[in-house]
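> predicted model and sequence follow; I will ask about them next.
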Amino acid sequence: MSPPPPPHPDDLLILLAVSRTGRFTTAADSLGLNHTTVSRRIGALEKSLAGRVLSRTIGGWELTDLGRRAVRAAEDVESAVSLLGGSPGEARQLTGVVRMSATDGFSAYIAAPAIAALQRDNPTLSVEIVTVTRRAMQHRSGLDIEIVVGEPQVHRAEAIKLGDYVLGMYASRDYLAEHGTPTTVDELIAHPLVYFVDSMLQVDDLDAPRRLVPTMRDSISSTNVFVHVEAARVGAGIGFLPCFMADPHPDLVRLLPGDFAEMLPYWMVLRSESLRQPAVAAVADALRAQTRAFQTELMGTAAEPTPQIDQRADQPPSIV
């Protein structure tokens, strides 16, 4: 019997596209093909390699051991082809689409400036950010990078700690003028809490308010941390907020920093095959550098003195 024909380079590149998106449909769109063609070419590749290159998971398609070996060969083909097109300067630029997920605050304060700086030298690089607060997924089909809170427990993925950040209790100056400034934990629990929707919280490390002050009643709850900040600013209650998001607002006052300074870690999770892509590796490096540069803000500026309420009879209460 004659040996099977060697894999066609086009089929390897199709597998590479599927490995990066986890889905036949999105890989087909990126290649200008249809779903049926992608499926047929993957079948032809598996026949030539005499084994399965993809396995079906809940989140999409994942590479088998044979598939990972084939993808490494596909990356060599892609690199060789890229050298043939464009000018030498263009060949050195990062191109393509990097897909990532991250929390709201990280996306706005770290990811956005890091990626914008990277794109100044690589204008054809595109980055898609999905904002979500959840634990790391076991099957991250369609994502190159995940940013999560808390140390992830993952398989077949790289997990890299980026840094820590601190959360504290904050209230607006107007709220404190109207309702008084709590100076003890017992006084604090008489006030309403602005925080995540408890029943929808997917990250155990973010349960600090329910653990530290379980009797605080909920005021405005949201899955979006920007809502927490704005709700605290308009006097909806006392918010448990990331310091790097609350400290820039002079109308917010940090309360009881000695009692409430919850430090949590940011972790980055990547698939090994994604990390071998120059664009993904560059975005990951930019996120690490921006996190380091932003570390002072992440840890919170020095808490200002507890505001005092001027109770003189000839003036209405005000914060001084």
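Happy to help now that I have it. Residues are numbered from 1 along each chain as shown.
> for this protein, which strand is longest?
The residue-count maximum for a strand in the chain (DSSP state E) belongs to strand 158-172.
> dump the C-alpha coordinates for that strand into PDB.
Listed next in PDB are the C-alpha coordinates belonging to strand 158-172 (Å, rounded to 0.1, in the frame of the first residue of the first chain):
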ATOM      1  CA  GLU A 158      -0.500  29.100  30.400                       C
ATOM      2  CA  ALA A 159      -1.500  31.000  33.500                       C
ATOM      3  CA  ILE A 160       0.600  34.200  34.300                       C
ATOM      4  CA  LYS A 161       0.100  36.500  37.300                       C
ATOM      5  CA  LEU A 162       0.000  40.100  36.200                       C
ATOM      6  CA  GLY A 163      -0.300  41.900  39.600                       C
ATOM      7  CA  ASP A 164      -2.500  42.800  42.500                       C
ATOM      8  CA  TYR A 165      -5.100  45.400  43.100                       C
ATOM      9  CA  VAL A 166      -7.000  46.700  46.100                       C
ATOM     10  CA  LEU A 167     -10.700  47.300  46.800                       C
ATOM     11  CA  GLY A 168     -12.000  49.600  49.500                       C
ATOM     12  CA  MET A 169     -15.200  51.200  50.800                       C
ATOM     13  CA  TYR A 170     -16.100  54.500  49.200                       C
ATOM     14  CA  ALA A 171     -19.000  57.000  49.500                       C
ATOM     15  CA  SER A 172     -19.700  60.400  48.000                       C
END
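> adjacent strands (with direction) for it?
Using DSSP bridges, the strands paired with strand 158-172 are strand 238-242 (antiparallel), strand 252-255 (antiparallel), strand 262-270 (antiparallel).
> could I get the buried residue list for it?
The neighbour-count check on strand 158-172 (16 or more other Cβ atoms under 10 Å) flags 162-163, 165-172 as buried. C-beta coordinates here come from the backbone N, C-alpha and C atoms, glycine included.
> which among these gets closest to Thr181?
Lowest distance from Thr181 to those (Cβ to Cβ) belongs to Ala171, with 7.9 Å.
> give the contact list for the closest one.
181, 191, 232, 237-239, 252-253, 255 (Cβ atoms under 8 Å, 6 or more residues apart in numbering).
> which of the residues you listed tops the neighbour count?
Gly239 (32 neighbours; other Cβ atoms under 10 Å).
> strands along the protein, start to end?
54-57, 60-63, 96-102, 125-131, 145-149, 158-172, 193-195, 218-221, 238-242, 252-255, 262-270, 309-310, 318-319.
> would you format those as CSV with distance to Leu212 and mean pLDDT included?
Compiled in CSV, the strands of the chain are given as follows (distance: least, Cβ to Cβ, whole Å; pLDDT from 0 to 100):
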stretch, distance to Leu212, mean pLDDT
strand 54-57, 38, 86
strand 60-63, 39, 82
strand 96-102, 26, 88
strand 125-131, 26, 92
strand 145-149, 17, 93
strand 158-172, 9, 95
strand 193-195, 11, 95
strand 218-221, 15, 94
strand 238-242, 9, 96
strand 252-255, 13, 97
strand 262-270, 8, 93
strand 309-310, 25, 41
strand 318-319, 25, 34
